[in-house]
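Asker: After the sequence you'll find the predicted model.
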Amino acid sequence: MTDIENIWIGVQKGERTAQKKLYEYSVSDLMNVCKRYLPEGVTHLDAIQETYVKIFTKSKTYDSTKGTLGAWMARIAVNECLNTLRKQKRLVMMDIIKTDLEPQAEEDVVSQLSAEEIYEEVERLPIGYRTVFNLYIVEGYSHKEIGEMLKISPSSSRSQLTRAKTILKEIIKKKSNLSRYEATK
């Protein structure tokens, strides 16, 4: 048995030392999840606290046949972030019309950017676009699942994702053009 499996057994028994070890083991990963969804100025600590409360109180509902412990905890964190956004009325979805007219960015533009640069640009997206983008691209949810989570139609989820991608492509293309311009100076 691995250390994390032993820790998890202790968590399921309600042992405080095991809960503390699980927190120390996983807090940075779950904080990164929260940072993907919650904008600057919103405390990530509240979402993290609520995440761990749910993890500890619902530990017996975890089913290892349905996925890893880390994925289960990340899903709880995502749901807590969405709840935080709903409570603060920051999660606003917009329907996008004629999204199939989006401009296409060249593939080499994206390959020139680091993952950190792309992440920074995703953080600048409007909250609705960013949320759908993260749920679909990063977390791997389907548009049907996203629709159920956000109480929107699957087609609204698709249009939000398309618009997020369009905005990102425009930003990345501008950034790439600026870099080329600066290189020729």
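Answerer: Perfect, thanks for sending it.

Asker: what residues are up against Trp8?
Answerer: Counting by CB atoms under 8 Å, 6 or more residues apart in numbering, Trp8 touches Ala18, Leu22, Ser59, Tyr62, Leu69. (Glycine included, C-beta is placed from N, CA and C.)

Asker: ok, the third one - how many residues close by?
Answerer: By that I understand Ser59. 20 (other CB atoms under 10 Å).

Asker: right, and it touches Val11 too?
Answerer: Yes - using CB atoms under 8 Å, Ser59 is in contact with Val11, at 5.1 Å.

Asker: For the helix or strand hosting Phe56, buried residues please.
Answerer: Assigned by DSSP states H and E, Phe56 belongs to helix 44-57. Within helix 44-57, the residues that count as buried by 16 or more other CB atoms under 10 Å are His44, Ala47, Ile48, Glu50, Thr51, Tyr52, Lys54, Ile55, Phe56.

Asker: domain parsing for this structure?
Answerer: What automatic domain parsing lists as the domains of the chain is 3-87, 99-184.

Asker: for the chain, where's the lowest mean pLDDT among helices and strands?
Answerer: Among the helical and strand segments of the chain, the one scoring lowest on mean pLDDT, DSSP states H and E is helix 107-111, with a mean of 50.

Asker: Now the element after it, going C-ward?
Answerer: Using DSSP H and E, the first helix or strand after helix 107-111 is helix 115-123.

Asker: hang on, the earlier thing: among the domains of the chain, show the one with the smallest mean pLDDT.
Answerer: For these, mean pLDDT drops lowest on domain 99-184, to a mean of 77.

Asker: what's the spacing between that domain and its chain's center?
Answerer: 13 Å (CA atoms, centre = their mean, to the nearest Å).

Asker: And for stretch 61-75?
Answerer: Averaging C-alpha positions (CA atoms, centre = their mean) puts stretch 61-75 16 Å from its chain's average.

Asker: buried ones in it?
Answerer: Quick answer for stretch 61-75 (16+ other CB under 10 Å): Tyr62, Leu69, Trp72, Met73, Ala74.

Asker: Next: stretch 28-37.
Answerer: Leu30, Val33, Cys34, Lys35, Arg36, Tyr37.

Asker: dump the residue contacts of the closest residue in space to the fourth one that isn't next to it in sequence.
Answerer: Spatial nearest neighbour of Lys35, excluding adjacent residues (CB to CB, 6 or more residues apart in numbering): His44 at 6.1 Å. For His44, the contacting residues are Met31, Cys34, Lys35, Leu38, taking CB under 8 Å, 6+ apart as the criterion.
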